[in-house]
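> sequence and predicted structure below; questions after.
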Amino acid sequence: MAGEGFQPGVGYGAELIDLSVLAEGPFTGTPAALASVRVPHERVHSGPAGARLDVRVRRPGRDEAEPIALALDGTAWGIDDVRPPEDLEELLGDSRFLAQHVYAVASDTLQAFERTMGRRLGWAAGHRLRIEAYDSADFRATGYDPQAQLIRFGHRADGRAQRHVPMALYRDLVAHEVTHAVLDGYRPRWADANALLDGFALHEAVADLVAMLSVFSSPDLVERLLETEARARRARGPHDGVAHDGVAHDGGAQDDGASSGAAAGRGGPGERGDEEILRSGLFGLADGLFSRGAVRRPLDRRVPYDWQLDPEPHARGEIVVQAVLNAVVNLWRQRLDCPGGRASRYQIAQSGAKVGQQVMGMVVRALAYLPPVDPTWTDLLRAILASDLVMMPADAPPCPGSRRPGAPRPKGYREVIRDRFWDINVSTDPDTRLDGLDDLEGLRYPVRLSALSSDPEEVNRFIWANPRLMRAMDLDEDTGLRVDRVRPTVRVGPDGFIVSEICASFVQEVLLTRREARDRLGLRILGDYAVVRGGGTLRFDEGGRLCFAALKPVMDAQRQQARAATARAEREQPARPVIGYHAVDERDGVPA
């Protein structure tokens, strides 16, 4: 049994166990392809429910969820890994495996955030996130509900099976929704009632990226998906009409790494490997959910000139997802240009897994460098670059040594990220100015380091003691601050030593009358009162000195006027059809 020999309380959370999950979904492979994820070993009672997750499974045809034990003998500390049945109909009706799959993927996703950010992350709902793995709601209602603070997964009829298909069996959909819950707990104002559409779109972009890039955590899975595409390619024949440099055309990135794969030679093994990468399930969300393929494949989409005005958050965020995935492909191809990089599909998969994991780490670490309110795409790019600059001061390319003759100049991770964001018209400051401290030199530090790492009042005292910082934030001195969080983070520095830092975020909301809004900020409001807000993220080094600042000034007339104009335009712009986990008119001839 999984719990044999385990001593509760000794190294709690340090022991990991392997649990089987579906690699992508029930229709990826015959039988469905499996993957193994490593999750913390904890006390789990029937539900399954642990310290952080409460998974509930309603069996088909039942009105209420029934507790399901993950330990075959009922041991509280035991979690047994049970592989799913190979028969599709049995798999779709296996509630016990559904519970294991959802618990494992959700736990793995949360662990990926905590491991990368170096600290525990809480849910908006409290200590435990509730997940309804087979809810009676329509499958279109699948998703994280910020009001109820839980995740619901519906089910749908599908012409490829007799039983309804649980949406929760799609690994990346579970990772996507759990990411929404993580973000809601970490930065609740990114997508609250007063947020701009960019905040909602950022939610969708990060959730898509975590869902897609989490696949790269398993090199074996990457290899298997590439092999699946290779078999499909052979079945299509040598003249399938597919452009072999597809990613470059989609993202508009036709230089350096973006075109290096095509340069490997038409019809040669390099080109075949590149096409397998681009067309595999690695770059689609919920691959196989519909008979026509994935819910979203960002690399297949052209970038509209006015994409930042798109009123649909999924569509707006998808362009940023495309930029990051294009960077993954570019960096992957650089690794393949190393001598022997395309020697085997195993080598190709190992290279891709390494690149995917590193880029996912860059995206997740960036969350701690973003402001608590009104994040923009420029803020996201700056955060990705700034957080990586701390971790890796030297922007080394994936293959710094010798490379294939004729290959373009190798570029580092940050340079490629900059290039691909440039393709979608997003740019930021050079590396030397990413810290945001240009006007914050000579600050006073009348604080105690031990208190600064845990006490919001000490952060408030630091801000009050520095008029220069208050002016940079345009704070209203007659209105109090709210320090949302103060958390220490731990990471391994470039020299191999453990580095401890402090991350604090604060928000100020100022209530203004109609006259005050007009006189102080030049705002014309409809009601008698208006609330304006801003905030900042401050990071302190291990010596307690400010080393990074991401600020959104409060009483800055130019910023508040621009924000009001954007909010007004978003209200007046007609909404397009919402993009969800279904395709237009996609019902496969069977009522859901």
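In hand now; what should we look at?

> any idea how far residue 388 is from the nearest residue to residue 449 once chain neighbours are set aside?
Spatially, and ignoring its direct neighbours in sequence, residue 449 is nearest to residue 544 (4.3 Å; C-beta to C-beta, 6 or more residues apart in numbering). Every C-beta, even on glycine, is put in place using the N, C-alpha and C of the backbone. The gap separating residue 544 from residue 388 is 23 Å, by C-beta to C-beta, to the nearest Å.

> who's more crowded, the two?
residue 388 (25 against 17; other C-beta atoms under 10 Å).

> quick check: the more buried one touching residue 362?
Yes: here residue 388 reaches residue 362: they are 5.0 Å apart, a contact under C-beta atoms under 8 Å.

> for the stretch 401-550 of the chain, what spans make up the strands?
With DSSP state E, counting those that start in this stretch as the criterion, the stretch 401-550 of the chain has strands at 482-492, 498-513, 529-540, 546-552.

> name the residues of the longest one that are buried.
By that I understand strand 498-513. 499, 501-510, 512 (16 or more other C-beta atoms under 10 Å).

> how far off centre is it?
In terms of C-alpha atoms, centre = their mean, to the nearest Å, the centre of strand 498-513 is found 22 Å from the chain centre.

> same thing with the third one?
The chain centre lies 24 Å from the centre of strand 529-540; the measure is C-alpha atoms, centre = their mean.

> can I get it as PDB, trimmed to CA atoms?
What follows is strand 529-540, C-alpha atoms only, in PDB (Å, rounded to 0.1, in the frame of the first residue of the first chain):
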ATOM      1  CA  TYR A 529     -18.900  59.600  -5.800                       C
ATOM      2  CA  ALA A 530     -16.100  57.700  -7.400                       C
ATOM      3  CA  VAL A 531     -13.400  55.400  -6.100                       C
ATOM      4  CA  VAL A 532     -10.000  55.500  -7.700                       C
ATOM      5  CA  ARG A 533      -7.300  53.100  -6.800                       C
ATOM      6  CA  GLY A 534      -3.700  52.200  -7.300                       C
ATOM      7  CA  GLY A 535      -1.100  50.000  -5.700                       C
ATOM      8  CA  GLY A 536       2.400  48.600  -5.900                       C
ATOM      9  CA  THR A 537       4.600  45.600  -5.500                       C
ATOM     10  CA  LEU A 538       7.800  46.000  -3.500                       C
ATOM     11  CA  ARG A 539      10.600  43.500  -3.400                       C
ATOM     12  CA  PHE A 540      13.400  43.700  -0.800                       C
END
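
> tilt between that strand and strand 482-492?
20 degrees (axes from the mean of the first three to the mean of the last three C-alpha atoms, to 10 degrees).

> okay, now the sheet partners of strand 529-540, with direction.
Sheet pairing of strand 529-540 (DSSP bridges) gives strand 498-513 (antiparallel), strand 546-552 (antiparallel).

> need the least confident one among these, by mean pLDDT.
The stretch with the lowest mean pLDDT among these is strand 498-513, at a mean of 92.

> pretty sure residue 102 contacts residue 175?
No: proximity of residue 102 to residue 175 does not meet the contact threshold set by C-beta under 8 Å, at 10.7 Å.

> quick check, residue 210 in contact with residue 363.
Yes: using C-beta under 8 Å, residue 210 is in contact with residue 363, at 7.3 Å.

> what do these two both touch?
Counting by C-beta atoms under 8 Å, 6 or more residues apart in numbering, residue 210 and residue 363 have no shared contacts at all.

> comparing residue 102 and residue 175, which residue is more hemmed in?
A count of neighbours by other C-beta under 10 Å puts residue 102 above the other of residue 102 and residue 175, at 28 against 24.

> any idea of the pLDDT on that one?
Looking at residue 102, its pLDDT reads 97.

> and it, that's in a strand?
No: counting by DSSP: H, G, I helix; E, B strand; the rest coil, residue 102 is not part of a strand but helix.

> separation between it and residue 70?
Counting by C-beta to C-beta, the gap from residue 102 to residue 70 is 11 Å.

> picking up where we left off before, was I right to think the residue nearest to residue 449 contacts residue 502?
Yes: between residue 544 and residue 502 there is a contact under C-beta under 8 Å: 7.4 Å.

> shared neighbours, the two?
Residues touching both residue 544 and residue 502 (C-beta under 8 Å, 6+ apart): residue 452.

> sorry, back to before: make CSV out of the strands paired with strand 529-540 and add distance to residue 160.
Below are these laid out as CSV (distance: least, C-beta to C-beta, whole Å):
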stretch, distance to residue 160
strand 498-513, 47
strand 546-552, 47
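
> between the ones you listed, which gets nearest to residue 303?
Residue 303 lies closest to strand 546-552 among those, at 26.1 Å (C-beta to C-beta).

> alpha carbons only: can I get that closest one in CSV?
The C-alpha coordinates for strand 546-552 follow below in CSV (Å, rounded to 0.1, in the frame of the first residue of the first chain):
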residue,chain,number,x,y,z
LEU,A,546,14.3,47.7,-1.9
CYS,A,547,15.5,46.0,-5.1
PHE,A,548,12.3,46.1,-7.3
ALA,A,549,9.2,48.2,-7.6
ALA,A,550,6.1,47.8,-9.8
LEU,A,551,3.9,50.8,-9.1
LYS,A,552,0.4,52.0,-10.3
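
> if we can go back for a sec, would you format the strands of the stretch 401-550 of the chain as a markdown table with distance to residue 165 included?
Shown next, in a markdown table, are the strands of the stretch 401-550 of the chain (distance: least, C-beta to C-beta, whole Å):
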| stretch | distance to residue 165 |
| --- | --- |
| strand 482-492 | 39 |
| strand 498-513 | 40 |
| strand 529-540 | 41 |
| strand 546-552 | 42 |
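
> of all these, which one comes closest to residue 306?
Evaluated over the strands of the stretch 401-550 of the chain, closeness to residue 306 peaks at strand 546-552, with 24.2 Å, by C-beta to C-beta.

> following element in sequence after that closest one, please.
Downstream of strand 546-552, the first helix or strand assigned by DSSP states H and E is helix 557-572.

> any idea how far that next one is from the chain center?
Worked out by C-alpha atoms, centre = their mean, helix 557-572 lies 27 Å from the chain centre.

> counting contacts, what elements does it pack onto?
helix 514-521 (3 or more C-beta pairs under 8 Å, 6 or more residues apart in numbering; DSSP states H and E).

> what angle sits between the helix it packs on and helix 557-572?
With the same axes, to 10 degrees defining the directions, helix 514-521 sits at 120 degrees from helix 557-572.

> distance of the residue lying farthest from the centre of the chain from residue 198?
Distance from the centre of the chain peaks at residue 515, with 42.0 Å (C-alpha atoms, centre = their mean). Distance of residue 515 to residue 198, given as C-beta to C-beta: 30 Å.

> now swap in residue 495 and tell me
Taking C-beta to C-beta, one finds residue 495 at 37 Å from residue 198.

> who has more neighbours, those two?
For residue 495 versus residue 198, neighbours defined as other C-beta under 10 Å are more numerous around residue 198 (22 against 6).

> pretty sure residue 324 is touching residue 209, no?
Yes: between residue 324 and residue 209 there is a contact at 5.7 Å, judged by C-beta under 8 Å.

> mutual contacts of those two, please.
Common neighbours of residue 324 and residue 209, counting by C-beta under 8 Å, 6+ apart, are residue 363.

> so, low pLDDT: which residues of the stretch 1-150 of the chain?
1-14, 74, 76-77 (pLDDT under 70).

> show me where it has strands.
Assigned by DSSP E, counting those that start in this stretch, the stretch 1-150 of the chain shows strands spanning 16-22, 34-40, 53-56, 129-132, 143-145, 150-152.

> list the helices and strands the first one packs on?
Packing partners of strand 16-22 (3+ C-beta pairs under 8 Å, 6+ apart): strand 34-40, helix 95-117.

> deepest-packed of those, please.
Mean neighbours per residue, mean count of other C-beta atoms under 10 Å, is largest over the helices and strands packed on strand 16-22 for helix 95-117, with a mean of 23.

> what about the residue nearest to residue 59 when sequence neighbours are not counted, distance to residue 84?
Leaving aside its sequence neighbours, residue 59 sits nearest to residue 95 (C-beta to C-beta, 6+ apart; 5.0 Å). Residue 95 sits at a distance of 11 Å from residue 84 (criterion: C-beta to C-beta).
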